[in-house]
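> quick one, fold the following:
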Amino acid sequence: MDQRRVYEILEPARPGDVESKFFDVALIALIVFGSAVAVLATVEEIAVRYEHLLWALEALLVVVFTQEYVLRLWSCTADERYKRPFWGRIKWATSPLGVVDLAAFLPWYVFLFFPGSGVAQLALLFRLLRLFKLFRYSEALQTLAMVVRRKREELAVVLAAVLVLLVIVSSVMYLVERDAQPDVFSSVPAALWWGVVTLTTVGYGDIYPVTVAGRVLAGAMAVLGIGFIALPAGILASGFAEEVRKKHGDNQICPHCGKDVTRPAEEDPAGRTQNTH
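Residues are numbered from 1 along each chain as shown. The predicted model follows:
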């Protein structure tokens with residue numbers, strides 16, 4: 001089997017490609033299964049009772065993902081973007097999905113050769129990065145990533161405004177409450193925790209103002225928090241709407257008559273607008 005065919009099978013399936021479709025479904029199932037195994041391995045009772053089984057399953061998954069990575073690295077030169085034998089493979093390996101593919105199995109080897117190190121224990125959690133491999137096969141996840149990338153400037157502006165507001169309000173709250181609650185609002189960084197839980201409308205209740213001025217400020221902060229949290233949601237929603245229009249076209253079709261409702265209404269010979277819907 002040549003590189004071109006291997007690359008076509010490994011990439012998301014095209015219509016009518018049964019082999020590639022079967023591979024996609026099998027790999028998605030393995031990704032979900034492997035993530036579930038990684039999560040269950042953190043439960044002490046399960047980890048102790050089924051230690052050997054979990055180890056064997058993880059080893060099997062690592063073998064599969066290692067072979068997949070090697071095949072992708074070998075066949076990626078079939079793509080015009082990575083056609084150069086050496087630098088093309090380097091470009092693919094350093095791409096976001098290439099890094100994710102590497103992270104799908106590399107932590108296991110770290111744990112295998114350095115089982116007692118703290119880095120190895122942390123590396124076990126990195127196995128959950130396998131979920132990011134689903135971006136290759138999920139159109140919805142790809143759309144989400146595209147929307148975030150295209151709206152990054154708007155999101156950055158909102159984030160900057162939130163950070164500025166958070167620092168200012170937390171500083172004012174520190175000045176207002178430090179005499180009444182010196183242990184709770186002992187510094188501006190300590191007041192930032194209150195600012196975060198208030199601005200995000202979480203409101204744990206572990207830190208709250210007791211003075212009149214502090215409560216007024218907290219109420220205003222909570223109201224502003226609703227609006228600031230809604231801004232990123234609105235930006236992402238508009239981005240999704242734009243992507244949907246680009247994929248399906250700008251024309252809107254009436255589900256009842258099948259006509260384009262975005263076109264101007266037609267007029268009858270008498271000059272009256274026809275109501276076709």
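> who are the packing partners of the top helix by length along the chain?
Under DSSP state H, the helix in the chain containing the largest number of residues is helix 212-248. Packing contacts for helix 212-248, counted by 3 or more Cβ pairs under 8 Å, 6 or more residues apart in numbering; DSSP states H and E, involve helix 139-150, helix 152-177, helix 188-199. (C-beta placed from N, C-alpha, C; glycine too.)
> tell me which of these lies nearest to residue 241.
helix 139-150 (9.6 Å; Cβ to Cβ).
> residue 73 is in what secondary structure piece?
Using DSSP states H and E, residue 73 maps to helix 51-75.
> quick one: average pLDDT of that helix?
Averaging pLDDT along helix 51-75 yields 92.
> list of residues touching it?
3-4, 6-7, 10, 27, 30, 33-34, 37-38, 40-41, 46-47, 89, 92-93, 98, 101-102, 104-105, 108-109, 127, 130 (Cβ atoms under 8 Å, 6 or more residues apart in numbering).
> again, only this time at 7 Å
3, 6-7, 10, 30, 34, 37, 41, 47, 89, 92-93, 101-102, 104-105, 108 (Cβ atoms under 7 Å, 6 or more residues apart in numbering).
> so where's the stretch 51-200 of the chain shaky on pLDDT?
Residue ranges of the stretch 51-200 of the chain with pLDDT under 70: 115-125.
> list the contacts of residue 30.
61, 64.
> over to residue 177?
Contacts of residue 177 by Cβ under 7 Å, 6+ apart are 185, 209, 211, 214.
> in the helix or strand just after the helix holding residue 73, what's buried?
Where DSSP H and E defines the elements, the next helix or strand beyond helix 51-75 is helix 87-93. By neighbour count with 16 or more other Cβ atoms under 10 Å, helix 87-93 contains the buried residues 88-89, 91-93.
> do stretch 18-30 as well
Buried, per 16+ other Cβ under 10 Å, within stretch 18-30: 20, 23-24, 27, 30.
> which one of the residues you listed is nearest residue 142?
Of the buried residues of stretch 18-30, the one sitting nearest to residue 142 (Cβ to Cβ) turns out to be residue 24, at 14.0 Å.
> hmm, that closest one is touching residue 14, no?
No. Judged on Cβ atoms under 7 Å, residue 24 makes no contact with residue 14 at a distance of 10.6 Å.
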